[in-house]
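A.B. asks: Output the structure for:
(one chain, ligands or ions: 2)
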Amino acid sequence: MKRIAIITCSKIRDIHCMGCLKCFKASSKGDGEFAAHGEGVQLVGIFGCGDCPGLVMPKTQLVMEVADYHEIDVDVIHLGTCMVKANKTASCPIDLDKAAEMIKNKFGLPVIIGTHNY
Ligand code: SF4
Ligand code: SF4
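C.D. replies: Ligands and ions are numbered 1, 2, ... in the order given. Model (predicted):
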């Protein structure tokens, strides 16, 4: 069982994508990018990117420190489909490939871009 944290687009979450219901659904069914985790997943955290203009690194650092304080382990980080959409259809300043690489290097965790195709 992989313990997953998802980073969301702060402009989309709860505005165009309500309650993160899609990611809860996809993770429970093993749909989309969650299919990569064959043995199933447990969502342990969902947090905003830090908002524009792309404060994803300090925000992730803060969340990982709080997770550590609460003794919550994270195995994998996903960049939500909301971030992918913000990148493709709006003016999101985050370079997702670069952000994934930076998060992977800083926190030693695999990072998967995207979460579902709903
Ligand atoms: S794509 Fe997923 S993480 Fe992003 S807002 Fe929608 S449900 Fe939440
Ligand atoms: S930086 Fe990108 S992902 Fe974050 S709120 Fe702005 S548009 Fe959304």
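
A.B. asks: Need phi/psi at Ile94.
C.D. replies: Backbone geometry at Ile94, expressed as degrees, to the nearest 10, gives phi -80, psi 130.

A.B. asks: quick one, longest helix in this protein?
C.D. replies: Longest helix of the chain, by residue count under DSSP state H: helix 56-69.

A.B. asks: Give me the buried positions along that helix.
C.D. replies: Across helix 56-69, burial judged by 16 or more other Cβ atoms under 10 Å covers Val56, Met57, Lys59, Thr60, Val63, Met64, Ala67. Glycine gets a C-beta too; all of them are placed from N, C-alpha and C.

A.B. asks: tell me the contacts of Gly40?
C.D. replies: Shown in contact with Gly40 (Cβ atoms under 8 Å, 6 or more residues apart in numbering): Met1, Lys2, Gly30.

A.B. asks: I misspoke; the intended subject was Ile72.
C.D. replies: Arg3, Val44, Gly45.

A.B. asks: I'd say Ile12 and Ala86 touch.
C.D. replies: Yes: Ile12 is within contact range of Ala86, at 6.2 Å (criterion: Cβ atoms under 8 Å).

A.B. asks: Which one's more surrounded, those two?
C.D. replies: Ala86 (23 against 19; other Cβ atoms under 10 Å).

A.B. asks: helix, strand or coil for that one?
C.D. replies: Look at Ala86: counting by DSSP: H, G, I helix; E, B strand; the rest coil, its state is helix.

A.B. asks: Surely it touches Cys92?
C.D. replies: Yes: counting by Cβ under 8 Å, a contact exists between Ala86 and Cys92, whose distance comes to 3.8 Å.
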